[in-house]
Structure formats: structure tokens, C-alpha cells
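Peer 1: this is the structure alone, sequence omitted:
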């Protein structure tokens, strides 16, 4: 069975956004919260998962992560808002 990759966005305690990929979201979130994840998220607690998107493969996840990281903050916030709307429907 192939791993299920996904792209995620965290909102940091200072209001900034961090985008990453993983094949095990609970483990990755725990790493971030323990200060063992990405260097960027260390010291920026609390970290809140605000967006997640499944990807078909590792390669697709990397490409989508790159595209999201290239978006201006306003577009990232729109992406997060649209995710929130579909998650509550």
C-alpha cells in the first residue's frame, strides 16, 4: 500500500503561516509542537492546523507545497477560508 501524502498549513502563535508535507500528520504535528519539526516553527507556539489537502504522491505533494508557498499571504488566507467552509459543510 502506498503512503498517503498531504500538504498542510499551520498558523503559528505569531500569526505567520507555515506550509509543509507529510505522510503522517499526527506524528508531524507532535514533532512541530515538541520543537523537533521545522526550524521555522520552533518558538512560534501555539501551532494550529488550519489547512490540509491530500496528494496522490510524494512528488505531487512537493509540487503543491511549492505552489502554495509562492502564493501571497492574502491568497493563502483565502485557501484556508475555503477549506474551513468545506470542512464544516
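Peer 2: Structure's in. What do you need? It should be emphasised that the depicted structure is a prediction, and the values quoted were computed from it without experimental measurement. Residues are numbered from 1 along each chain as shown.

Peer 1: give me the buried positions along stretch 61-73.
Peer 2: 61, 64-65, 68 (16 or more other CB atoms under 10 Å). All C-beta atoms are positioned from the backbone trio N, CA, C, and that covers glycine.

Peer 1: check stretch 68-87 too.
Peer 2: 68, 76-77, 79.

Peer 1: that older thread, in helices only, show me the buried residues of stretch 61-73.
Peer 2: Among the buried residues of stretch 61-73, DSSP state H puts 61, 64-65, 68 in helices.

Peer 1: from the residues you listed, pick the one nearest residue 51.
Peer 2: residue 68 (8.5 Å; CB to CB).

Peer 1: the closest one is in contact with residue 20, isn't it?
Peer 2: No: contact criterion CB atoms under 8 Å: residue 68 and residue 20 do not qualify, at 9.8 Å.

Peer 1: can I get the ones in helices among the buried residues of stretch 61-73 in CSV with pLDDT and distance to residue 35?
Peer 2: Formatted as CSV, these follow (pLDDT from 0 to 100; distance: CB to CB, whole Å):
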residue, pLDDT, distance to residue 35
61, 98, 24
64, 98, 26
65, 98, 21
68, 98, 24
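
Peer 1: which one of the buried residues of stretch 61-73 is nearest residue 48?
Peer 2: Ranked by distance to residue 48 (CB to CB), the buried residues of stretch 61-73 are led by residue 68 at 16.7 Å.

Peer 1: for the protein, which spans come out with low pLDDT?
Peer 2: 1, 89 (pLDDT under 70).

Peer 1: ok, which stretches of it are strands?
Peer 2: 5-11, 17-22, 48-55 (DSSP state E).

Peer 1: list the buried residues in the last one.
Peer 2: By 16+ other CB under 10 Å, the buried positions in strand 48-55 come out as 50-51, 53, 55.

Peer 1: next one: residue 79 from residue 35, what distance?
Peer 2: Taking CB to CB, to the nearest Å as the measure, residue 79 falls 27 Å from residue 35.

Peer 1: and residue 3, by the same measure?
Peer 2: As judged by CB to CB, residue 3 and residue 35 stand 25 Å apart.

Peer 1: quick one, phi psi at residue 44?
Peer 2: Backbone geometry at residue 44, expressed as degrees, to the nearest 10, gives phi -110, psi 20.
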